[in-house]
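Asker: okay, here's the prediction I keep looking at, along with the sequence it came from:
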Amino acid sequence: MKTPELGREPLPGVALVRFCDAEGRDQALAGEVADRLRSVLETRERALLVISGGRTPVGLFRCLSGESLAWESVDVVPADERWAPPESEERNSRLIRETLLQGPASAACFHELADTTADAPEQAASEATARLSALAWPADVVILGMGEDGHIASLFPDAPELERAMDVSRPPGVVVMRPPSQQRTRLTLNLPALSGAGLTVLQLAGTAKKEALDRAVSAPEAIGDMPVRYFFRQPLQVYWSP
Ligand SMILES: O=C(O)[C@H](O)[C@@H](O)[C@H](O)[C@H](O)COP(=O)(O)O
């Protein structure tokens, strides 16, 4: 049964789907993502799913992990990663293994961004870029989160590397970000890897994130100030609940 939506609010370039609670939002989004992956796999050997870290997607990952589909044919790539030891609670890969890669979805092929056996993040980013270049970009599904500053993945407005990470003339890849606002150095997919997906969804929770989205929509041209704005130029669905 499709979870009752609160309604759809047309924002410039954005399809905002509002839900009464996080559970309803996550159930609906898991169904949409699974349907899209199944549809891709009807005509292609593999499907590419890019997912964000943070806390918002935990419920979605738990719903999605139980979906019945050919997970062994799905490549899963984190949108970004913190430069921290593999078992650190800060690592998105740890969250993804504990919540998404369970049950049926445990058969998916998970691609780490940060091989922390590398001597430095730059070495890990170069290795990941080469390794991930073998995947079929653009992704079929990208699930994004957003900070209240309008960052998505680790494309932080205050990162000195932002311009290079958002240069769409470059090939899809992994770049190192050192935003002063963050405690950890980050590795992130660059904009060419994050954009142009068959289905791009921004998953948000709470009033503060909705207000940040409204700020982003109010001045869509200032992309460097709020990187989420770049995604208003392509089909974007926003799944939001209070
Ligand atoms: O590594 C990360 O933290 C994410 O990739 C980041 O981009 C996240 O999606 C936003 O910061 C929202 O985080 P929350 O969902 O925790 O609010």
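Answerer: Yes, it's here. Note that this is a predicted model, so its numbers are computed, not measured.
Asker: give me the neighbour count for Asp225.
Answerer: Each residue near Asp225 was counted by other C-beta atoms under 10 Å, and the total is 13. Yep, even glycine has a C-beta here, placed from its N, CA and C like the rest.
Asker: can you verify it is assigned to a helix?
Answerer: No. The assignment for Asp225, made by DSSP: H, G, I helix; E, B strand; the rest coil, is coil rather than a helix.
Asker: can you tell me how far it sits from Arg55?
Answerer: As judged by C-beta to C-beta, to the nearest Å, Asp225 and Arg55 stand 24 Å apart.
Asker: which pLDDT value belongs to Gly224?
Answerer: Gly224 is assigned a pLDDT of 89 by the prediction.
Asker: quick one: residues contacting it.
Answerer: Counting by C-beta atoms under 8 Å, 6 or more residues apart in numbering, Gly224 makes contact with Pro157, Leu162, Glu163, Met166.
Asker: once you drop chain neighbours, what's closest to Ala22?
Answerer: Among residues not flanking Ala22 along the chain, Ser241 sits closest, at 5.0 Å (C-beta to C-beta, 6 or more residues apart in numbering).
Asker: so the one you found makes contact with Leu16?
Answerer: No. Using C-beta atoms under 8 Å, Ser241 makes no contact with Leu16, being 11.3 Å away.
Asker: do a quick rundown of the helices in the protein.
Answerer: For the chain, the helices defined by DSSP state H occupy 22-43, 58-65, 92-99, 121-132, 162-165, 191-194, 207-218.
Asker: rounded mean pLDDT for the fifth one, please.
Answerer: Spelled out, it's helix 162-165. This predicted structure assigns helix 162-165 an average pLDDT of 96.
Asker: okay, and for the protein, where does confidence drop off?
Answerer: Per-residue confidence for the chain (pLDDT under 70) gives these ranges: 1-13.
Asker: cheers, nothing more for now.
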